[in-house]
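A.B. asks: I'll drop the sequence and a predicted model, then ask my questions.
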Amino acid sequence: MEQVLYHPEHGYYSSGACAIGRKGDYFTNVSVGPLFGQLMVAQFAEIWEELGKINDFVIVEQGAHDGQFARDILQSLQERAPEFFEASRYRIIEPFPILREQQSQALEPFRNKVEWRSSFEPFTGIHFSNELLDAMPVRLIRCNTEKLVDLQGDKILFIERPRSSMAFNQAALDWVDNVAANLQRGYAITIDYGRLGNEFQGNVQVRARHRHVDSPFEEIGHADITMQVDWTSIARRAEANGLRIAGFTDQHHFLTGIISTWPDILQGPSSNLTALSRRVLAGADRKAKRALQTLLHPEMLGRTFQVLALAKNVDASASPLSGFKFAREARSALGL
Ligand SMILES: C[S@@+](CC[C@H](N)C(=O)[O-])C[C@H]1O[C@@H](n2cnc3c(N)ncnc32)[C@H](O)[C@@H]1O
């Protein structure tokens with residue numbers, strides 16, 4: 001995964017080969033449309049209020065791909081929460097120049113709001129990621145053996161060796177350490193597809209053009225390789241680093257919590273419109289309804305994805321974030 005996804009010249013992500021959406025290799029919440037960002041803005045605004053509407057609030061995004069989520073967030077903030085828009089900056093952690101370039105084009109209208117970094121820096125606010133952890137390299141460990149990738153002649157194949165002492169998801173655990181070390185005050189919200197430790201099935205998924213590919217050795221550099229996230233080990237590591245588990249639930253419950261708190265987000269066109277703008281909005285409304293169904297439906301993305309929120313230096317006795325108001329107690333839901 002390290003080479004195939006992140007090799008500076010040939011990596012699926014680092015070369016810019018990755019395409020997300022209908023014409024690409026797979027869908028994500030972000031590629032479903034701007035609704036996902038609009039819903040997240042409501043949750044972000046609640047956090048900004050909880051932190052006392054501070055002026056140097058930073059929204060950090062990691063795994064920002066082509067900048068679409070950042071654009072959806074900033075557009076929605078500007079239209080619906082101008083005070084929050086004024087008080088915040090948007091920081092993208094992006095190690096790959098080609099993706100930075102794509103992001104900077106997508107975010108041209110917001111160039112004074114956005115800053116780029118290659119790695120973590122201290123911040124107060126929110127760290128957000130969607131499908132970041134599943135793209136981090138893993139080891140394939142089963143019982144006492146580990147599968148490694150070997151080259152024999154011109155054939156790439158798996159060989160088995162006694163397991164190393166490293167965790168299978170060391171990169172994801174290192175990421176938790178980084179979040180804990182740099183978040184001064186606020187929340188980290190990460191969305192991904194995963195399982196709990198005791199039901200974990202450790203195999204990689206390979207996807208290209210919306211199909212499952214049988215082997216990670218097919219379509220090298222042109223296919224996505226991911227591993228489901230082991231939420232339990234992530235949560236344990238977070239607590240060991242002084243972060244509080246502020247919520248854990250599936251995406252269906254998370255978004256339902258947000259929508260039930262701010263039903264106006266889904267409000268249709270107002271009556272005070274010209275016939276043309278009403279037709280345009282009615283089309284947008286149909287699209288938004290389809291997007292909502294895709295994001296929420298348990299057999300679409302609603303159950304596939306889970307949401308974990310980690311908190312630092314925020315009042316633990318305050319009510320849970322709205323996204324978690326229909327969620328079970330987080331620690332027990334995580335098997336802790
Ligand atoms: C599955 S894509 C998700 C893209 C986007 N968040 C979305 O939901 O459409 C994973 C992204 O994570 C990025 N990524 C992986 N490791 C990263 C790291 N350490 N720092 C920043 N981005 C990273 C990849 O380059 C890729 O753009």
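C.D. replies: That came in fine, so what should we check first?
A.B. asks: let me know the pLDDT of residue 141.
C.D. replies: Turning to residue 141, the model gives it a pLDDT of 89.
A.B. asks: confirm residue 53 sits in a helix?
C.D. replies: No - under the criterion used here (DSSP: H, G, I helix; E, B strand; the rest coil), residue 53 is coil, not part of a helix.
A.B. asks: excluding its backbone neighbours, what's nearest it?
C.D. replies: Using C-beta to C-beta, 6 or more residues apart in numbering and skipping the chain neighbours, the partner closest in space to residue 53 is residue 87 (6.6 Å). C-beta coordinates here come from the backbone N, C-alpha and C atoms, glycine included.
A.B. asks: so which bits of stretch 294-307 are buried?
C.D. replies: Within stretch 294-307, the residues that qualify as buried by neighbour count (16 or more other C-beta atoms under 10 Å) are 294, 295, 296, 300, 301, 302, 304, 305, 306, 307.
A.B. asks: can you name the element that comes right after the helix or strand containing residue 303?
C.D. replies: Here residue 303 sits within helix 303-304, counting by DSSP states H and E. Going down the chain from helix 303-304, the next helix or strand is strand 306-312, by DSSP H and E.
A.B. asks: could you count how many residues lie near whatever residue of the stretch 1-150 of the chain ends up closest to the ligand?
C.D. replies: When you check the stretch 1-150 of the chain against the ligand by C-beta to the nearest ligand atom, the closest residue turns out to be residue 63, at 3.0 Å. Close neighbours of residue 63, defined as other C-beta atoms under 10 Å, add up to 23.
A.B. asks: show me the contacts for it.
C.D. replies: The neighbourhood of residue 63, defined by C-beta atoms under 8 Å, 6 or more residues apart in numbering, consists of 129, 130, 131, 132, 135.
A.B. asks: out of the residues you listed, who's the most crowded?
C.D. replies: Each of the contacts of residue 63 was scored for neighbours by other C-beta under 10 Å, and residue 130 scores highest at 23 neighbours.
A.B. asks: the strands in the stretch 201-336 of the chain, which residues?
C.D. replies: 204-208, 211-212, 224-227, 229-230, 244-250, 306-312 (DSSP state E, counting those that start in this stretch).
A.B. asks: so what strands line up beside the fourth one?
C.D. replies: According to DSSP bridges, strand 229-230 forms sheet pairs with strand 194-195 (parallel).
A.B. asks: return the residues of the chain in contact with the ligand.
C.D. replies: When proximity is defined by C-beta under 6 Å from any ligand atom, the chain lies next to the ligand at 13, 20, 28-31, 62-63, 65, 93-95, 130-132, 135-136.
A.B. asks: among those residues, the buried ones, what's the ChimeraX command?
C.D. replies: Here is the ChimeraX selection string for the buried members of the residues of the chain next to the ligand, based on 16+ other C-beta under 10 Å:
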select :13,20,28,29,30,31,62,63,65,93,94,130,131,132,135,136
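A.B. asks: where does pLDDT dip in the chain?
C.D. replies: With pLDDT under 70 as the threshold, the chain has low-confidence stretches at 198-201, 268-274, 276-284.
A.B. asks: hey, which strand is longest across the protein?
C.D. replies: Taking DSSP state E as the criterion, the chain has its longest strand at strand 183-192.
A.B. asks: going by distance to residue 174, which of the contacts of residue 63 wins?
C.D. replies: When those are compared for distance to residue 174, the smallest value, 12.6 Å, is given by residue 132; criterion: C-beta to C-beta.
A.B. asks: show me where the chain has its helices.
C.D. replies: Along the chain, the stretches classed as helices by DSSP state H are 2-6, 35-50, 68-80, 82-87, 97-106, 170-182, 231-240, 251-261, 275-296, 303-304, 330-333.
A.B. asks: since that was my last question, I'll sign off now.
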